[in-house]
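Undergrad: Structure for the following, please:
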Amino acid sequence: MTSHKEKILLTEEQETLLVPLYSKAVVSQQPNSIFVDEKAKEIIEHVEYDFTKLKIPRKTVLTLCIRAKKIDAYTREFLAVHPSSIVIHLGCGLDSRYTRVNNGEVEWYDLDMPEVIDLRRKFYEETDTYHMIPSSVTDLDWIDSISLRGRPVLVIAEGLLMYLKEEEVKALILKLKEAFPGCGLVFDAYSVLTAKSAQKHPSIKKTGAVIRWGIDDTTAVEQWAGGIQLMDEWYFTQAEDIQNFGFKYRLAFSIAGLFTAARKAHRILYYTL
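TA: The predicted structure follows:
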């Protein structure tokens, strides 16, 4: 772990990885927090960056922590059934999921763009069972670097697939299905309408990132190839932690829960491929 402050040099689009990092650090510092990520706090303390520039709304901070907590839960459930499996986290940014859910048996791969992995190496060290892959997720050659040896696979794409074009998402999913037949795939997705309107979000406007993909009908992915099956569609309005929020945010989430379009605006999908 680096002991001095690192100046972050990323493209505007890659600066989106700082949004969940900062959100987790902020929430972790609060008493009776819904989510605790000590590593996020540690990294923020060692990073020289003006996080106020990201203009992260409070509701987004809460939503990102709910998302991380739910995907952690899916991962723990998978590892409970398949302790000696492989987990691949695509678009990992500076996330610490491996340290949060590590059961001591899993072999873990974190993938992101080379410059992101360069930054990540300042805060994380590889081991025999923890690996970092510097690659674009759409350059599918990275898949060949993973040795299955008959083990089950879970693939996580958190805050990633909405930045890809639909044909890139499809190519990725079909390649994962071919390389890791029967694997699980957990990702969060926007609805088509949310994908179109997300460009107005203050953090996305600031970073210049482009949202390219949204999905309304979850069976569309199942139709890309035989054997793809939706296991779960989870809405943020289902999160138990909402009851611990302040009145304004409890109200916002409860109202959203009344309308299908609002519930589906941003949710987490779990498929087997």
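Undergrad: Quick one: low-confidence residue ranges for this protein.
TA: For the chain, the stretches with pLDDT under 70 are 1-14, 198-209, 255, 257-259, 262.
Undergrad: hmm, try it at 90
TA: Along the chain, the model assigns pLDDT under 90 to residues 1-20, 22, 26, 29-34, 43-63, 119, 149, 193-212, 236-265.
Undergrad: Mind jotting down where the helices sit in the stretch 1-150 of the chain?
TA: Here the stretch 1-150 of the chain has its helices, by DSSP state H, counting those that start in this stretch, at 18-28, 38-45, 58-81, 97-101, 114-120.
Undergrad: what comes up buried for stretch 238-254?
TA: If you call a residue buried by 16 or more other C-beta atoms under 10 Å, then stretch 238-254 has these buried ones: 239, 241, 242, 245, 252, 253. In short, each C-beta sits where N, CA and C put it, glycine included.
Undergrad: doesn't residue 63 make contact with the second one?
TA: No. Residue 241 is not in contact with residue 63 according to C-beta atoms under 8 Å; the separation is 10.7 Å.
Undergrad: how about the strands of this protein, start to end?
TA: Assigned by DSSP state E, the strands in the chain fall at 6-7, 47-48, 86-90, 107-112, 130-134, 153-157, 184-190, 229-235, 266-272.
Undergrad: out of those, nearest to residue 98?
TA: Taking C-beta to C-beta as the criterion, residue 98 comes closest to strand 107-112 out of the strands of the chain, the separation being 4.7 Å.
Undergrad: Give me the residue at the spatial middle of this structure.
TA: Closest residue to the average C-alpha location of the chain: residue 158 at 1.6 Å, with C-alpha atoms, centre = their mean.
Undergrad: State the number of residues packed around the closest residue in space to residue 98 that isn't next to it in sequence.
TA: Distance criterion C-beta to C-beta, 6 or more residues apart in numbering; nearest residue to residue 98, sequence neighbours excluded, is residue 108 at 4.7 Å. Residue 108 has 22 neighbours, counted by other C-beta atoms under 10 Å.
Undergrad: For the residue nearest to the centre of the chain, give me its contacts.
TA: Residues near residue 158 by C-beta atoms under 8 Å, 6 or more residues apart in numbering: 20, 67, 68, 71, 89, 91, 95, 186, 187, 188.
Undergrad: And for the first one, the neighbour number?
TA: Burial of residue 20 is recorded as 24 neighbouring residues (other C-beta under 10 Å).
Undergrad: looking at it, residue 190 is touching residue 162, isn't it?
TA: Yes. Checked against C-beta under 8 Å, the pair residue 190 and residue 162 is within contact range at 5.0 Å.
Undergrad: Hmm, residue 193 is touching residue 261, no?
TA: Yes. Under the contact definition of C-beta under 8 Å, residue 193 touches residue 261, with a separation of 6.9 Å.
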